[in-house]
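[1] Sharing a sequence plus its predicted fold:
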Amino acid sequence: MTERIRAALLRSTALLAACSVTGAAALTSPAQAQPPPTASPPASTPATQSPQQQAAAAALLRQASATGPPASPATVGGAQLAGSGVVANAPASPLPAVPASAYVIADAGTGQVLAAKDPHGLLRPASTLKMLTAVTLIPLLNPAGTVVASQQATTVTPNIAGLVRGQPYPVSDLFYALLMISANDAAIALAQATGSLNNGVALMNAEARHLQAYDVLARDPNGLDAPGQHASAYDLALIARQALAMPELMKYDATWETAFPVTSRTSETLFNQNSLLTKYPGGIGGKIGWTSAAEATYIGMARRNGVTLIVTILHCTALTEVINAAKLLNWGFAEDGKVQPVGQLVRPITPRPITPRPAASSPTAPQRPVSSGDLTTTKIPGSLVAASIALIVFAAAAAILLILLRRRAPSR
């Protein structure tokens, strides 16, 4: 009987000792760390801002909230620009007759407004508003990132680019579609890439305030008619001048032809709608627009002999906007430097400096994670500690009992 007890205790002691060693090793030896599962990032994360771009967007919104409009927005750029009729100074050759409610012709280099008609009149911008969309969002989005088209983007009417819901699109491709073919769906997708459509539109209005374009009130990013949405010919000239200072924007805007991937298997060829690029000597960019309420609207930019002119037109007879812009540009190139300007394109408000916040530092270096699943040495469950200690004590008691039995057993 004693031999059986001794053998059983011997086997139990060995097993308990092995368990104890294993438990102790689990407490003292590092294990392969297993990272916790991570959630998939939102669809627009690659396209939305880097920390620097997020800081720039936040600073733009703060600046807009801290800057009030002038007492008389109609006099921004000069007192003469408050007039509602044709504004021009002598001596100058007669201005061409243009069937539009408002226009501005200005020198982008000097900022001089050479002539105008109702420059601060509040009118519907139609798709010329997309120039503000581009001016606002190009600095805030990663061109190499992607945006997944939402239901709201793909159901806007007219759709234009033909975005497919759930399909990812490179940001740069969306800007080509926005400026080349006036894609309403691309405008929605780009605005939503800032976090939401409302945030994108808020940034547009903040950028307008930054440019001192106080006549602009954006309700959507594509210029489709919306209650209360308006702009002026003068403010469109301010936006165009800012666009000329952005090489990336002008690259998109001046491209005549490019491929656009609608899905992973299909693509279409985009052709620029702005015929000024090919039909007017010196044409370098612009944006056309039209809705039934706004009629034809237009921004045109041309350069000759080192002089860059901007022309903006609102509420023009349909299908005549580019022809009439060319007439105004011809007049401007002939009179620039000769005619007394009627006003000045004001400069943007100096942006507030962005001070990066220092990263939070810990007083001591973080412990090296030595985990297996959810177990780490920084937080070992108390139940595991107690179980391991109990195993060790049990093994020690069994060993002592075995020794005592051996002493009492007769020798053979």
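    Arrived safely, thanks for sending.
[2] Apart from its chain neighbours, what residue comes closest to the residue nearest the centre of the chain?
    Nearest residue to the geometric centre of the chain (CA atoms, centre = their mean): L141, 3.4 Å. Distances taken as CB to CB, 6 or more residues apart in numbering put V171 closest to L141, at 5.1 Å, once the chain neighbours are dropped. In this view, the C-beta of every residue, glycine as well, is placed from N, C-alpha and C.
[3] Was I right to think the one you found contacts L190?
    Yes - counting by CB atoms under 8 Å, L190 is a contact partner of V171 at 7.1 Å.
[4] quick one: which of the two has more around it?
    Higher neighbour count among V171 and L190: L190, with 32 against 23, using other CB atoms under 10 Å.
[5] got the contact list for the more buried one?
    133, 137, 141, 147, 171, 174-175, 178, 200, 221 (CB atoms under 8 Å, 6 or more residues apart in numbering).
[6] Tell me the first helix or strand C-terminal of whichever helix or strand it is part of.
    Following DSSP states H and E, one finds L190 within helix 184-192. The first helix or strand that comes after helix 184-192 along the chain, using DSSP H and E, is helix 197-210.
[7] what angle sits between that following helix and helix 184-192?
    Orientation note: helix 197-210 sits at an angle of 80 degrees relative to helix 184-192 (axes from the mean of the first three to the mean of the last three CA atoms, to 10 degrees).
[8] Report the rounded mean pLDDT for helix 197-210.
    On average, the pLDDT along helix 197-210 is 98.
[9] got the CA positions of the helix or strand just after that helix in CSV?
    Counting by DSSP H and E, the next helix or strand C-terminal to helix 197-210 is helix 233-244. Extracted C-alpha coordinates of helix 233-244, given in CSV (Å, rounded to 0.1, in the frame of the first residue of the first chain):
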residue,chain,number,x,y,z
ALA,A,233,-18.4,89.4,-60.3
TYR,A,234,-15.8,91.2,-58.1
ASP,A,235,-15.6,88.3,-55.7
LEU,A,236,-15.2,85.7,-58.5
ALA,A,237,-12.2,87.8,-59.7
LEU,A,238,-10.7,87.6,-56.2
ILE,A,239,-11.2,83.8,-56.3
ALA,A,240,-9.7,83.6,-59.8
ARG,A,241,-6.7,85.5,-58.7
GLN,A,242,-6.1,83.1,-55.8
ALA,A,243,-6.5,80.2,-58.3
LEU,A,244,-3.7,81.7,-60.5
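[10] could you point out which element follows helix 233-244?
    Immediately after helix 233-244, counting by DSSP H and E, sits helix 247-254.
[11] For that following helix, give me every contacting residue.
    The contact list for helix 247-254 (CB under 8 Å, 6+ apart) reads 134-135, 138, 143, 172, 175-176, 178-180, 243-244, 272, 274, 277, 284-287.
[12] Out of the residues you listed, name the ones that lie in helices.
    Per DSSP state H, helices hold the following members of the contacts of helix 247-254: 134-135, 172, 175-176, 178-180, 243-244, 277.
[13] Fine by me, we can end here.
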